[in-house]
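A.B. asks: coords please:
(chains A, B and C)
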Amino acid sequence: MQSFDPVISINSGQFFLWEKRNESWYGTYGSRIIKLKTIDGSPEFTSFPEFKTFEKKIFRLDDDIKAIFAELTRDPLVHTLIKKYPGLRLMRQEPEQCLFSFLCASNTNIPMIRRMLYNLTRRLGAPMSVDGMEFFTFPTAAEISKATTEQLRSCSLGYRAKAIKEVAQNIAEGTLNLESLRRIEYREAKSQLLQVRGIGNKIADCVLLFSLEKLDAFPIDVWISRALSQHYSWLLDRPLGNALTPRQYDSLSERMRLHFGRYAGYAQQYLYYDIRQRAGKKW
DNA sequence: GTACAGGCAGTAT
DNA sequence: ATACTGCCTGTA
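C.D. replies: Alright, predicted model coming up:
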């Protein structure tokens, strides 16, 4: 099996805060700035402050990718997609940043999400100098909770500002403890997330999959919904409409989790990347 | 001008 | 249990 390609993974729409400067990629990962430089085709990783072998953590190189592929290739389409995009991997995000990222993602598009998050880092994050350039860390929940709704709105968050502030307060007060969700199973972790106002099915599943080790989570956004209509109509009892009601979301996500098994979320990433590629989406 | 873009909560039916 | 609605902002 071919090795992963970090550049494809960071450009696959799962991780928003990356930018290319002087032939290197720089990303905001919580309180750190991470860097990827490709030298003669082989990647070199550094982080500031140092964070030993961060690539292993972020690109999930600690996963047993052979076992994952063995499981996923039972599905013929995902099998072809794994061969078609050999460099693509699921990434592991920092939980708070991940949650705020997907809170920004409602009813908008990737360039806009990137702008919102970029503005948040510049207004509320801490500056850090790397390679003589200035970058900004991602603000903590405590910092976001202390910002006024107007400040948040001025980051182009729009109506999302209110929910984002409220979720940040929940975290700052300890009502919501993301780290504790790592240790419990998918269903229980999800039901805890759903109790927080502002977090619905889709955001909960994204946070669980991308940052809390729930590889069996299967988030369904409009793109995945399109992919399922195109390729898995045989698994659906009726055609998918424009929007899924919470209950429809739940039963569909559950069905796909059963179909793909314990690494369903990994399969979701290939479906997502493929349908966006075919739609000609760069971001 | 207006439709639409990686949702969610509140309210009405 | 489902349907409808409003919500910021920017681009096509």
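
A.B. asks: how about low-confidence regions in chain A?
C.D. replies: Low-confidence segments of chain A (pLDDT under 70): A:1-2.

A.B. asks: mind doing that once more with 90?
C.D. replies: In the predicted model of chain A, residues A:1-4, A:40-42, A:51-53, A:236-244, A:279-283 satisfy pLDDT under 90.

A.B. asks: which positions in it make contact with DNA strand B?
C.D. replies: Within chain A, the positions lying close to DNA strand B (Cβ under 7 Å from any atom of the strand) are A:13-14, A:102, A:105-110, A:112-113, A:159, A:163, A:196-204, A:206, A:219, A:221-223, A:243, A:272. Placement of C-beta: from N, CA and C, glycine included.

A.B. asks: now, those residues that are in helices?
C.D. replies: If you go by DSSP state H, those have A:102, A:110, A:112-113, A:163, A:201-204, A:206, A:222-223, A:272 in helices.

A.B. asks: ok, which of the residues of chain A next to DNA strand B also contact DNA strand C?
C.D. replies: Checking these against DNA strand C (Cβ under 7 Å from any atom of the strand), the matches are A:107-108, A:112, A:159.

A.B. asks: can you name the two of the residues you listed that are farthest apart?
C.D. replies: A:112 and A:159 (13.2 Å; Cβ to Cβ).

A.B. asks: compare neighbour counts for these two and give me the winner.
C.D. replies: Between residue A:112 and residue A:159, counting by other Cβ atoms under 10 Å, residue A:112 is the more crowded of the two (15 against 9).

A.B. asks: picking that back up, hmm, which of the residues of chain A next to DNA strand B are the buried ones?
C.D. replies: The neighbour-count criterion (16 or more other Cβ atoms under 10 Å) marks A:13-14, A:102, A:105-106, A:113, A:163, A:196, A:198-199, A:201-204, A:206, A:219, A:221, A:223, A:272 among these as buried.

A.B. asks: roughly how far does residue A:36 sit from residue A:4?
C.D. replies: 12 Å (Cβ to Cβ, to the nearest Å).

A.B. asks: for residue A:88, helix, strand, or coil?
C.D. replies: coil (DSSP: H, G, I helix; E, B strand; the rest coil).

A.B. asks: give me the residue from chain A nearest DNA strand C.
C.D. replies: residue A:158 (2.5 Å; Cβ to the nearest atom of the strand).

A.B. asks: what is the burial count for that residue?
C.D. replies: When neighbours are counted by other Cβ under 10 Å, residue A:158 registers 15.

A.B. asks: do the same with the one 3 residues further on
C.D. replies: The criterion is other Cβ under 10 Å. On that basis, residue A:161 has 23 neighbouring residues.

A.B. asks: name the nearest of the ones in helices among the residues of chain A next to DNA strand B relative to residue A:127.
C.D. replies: Residue A:127 has its nearest neighbour among these in residue A:113, at 22.0 Å by Cβ to Cβ.
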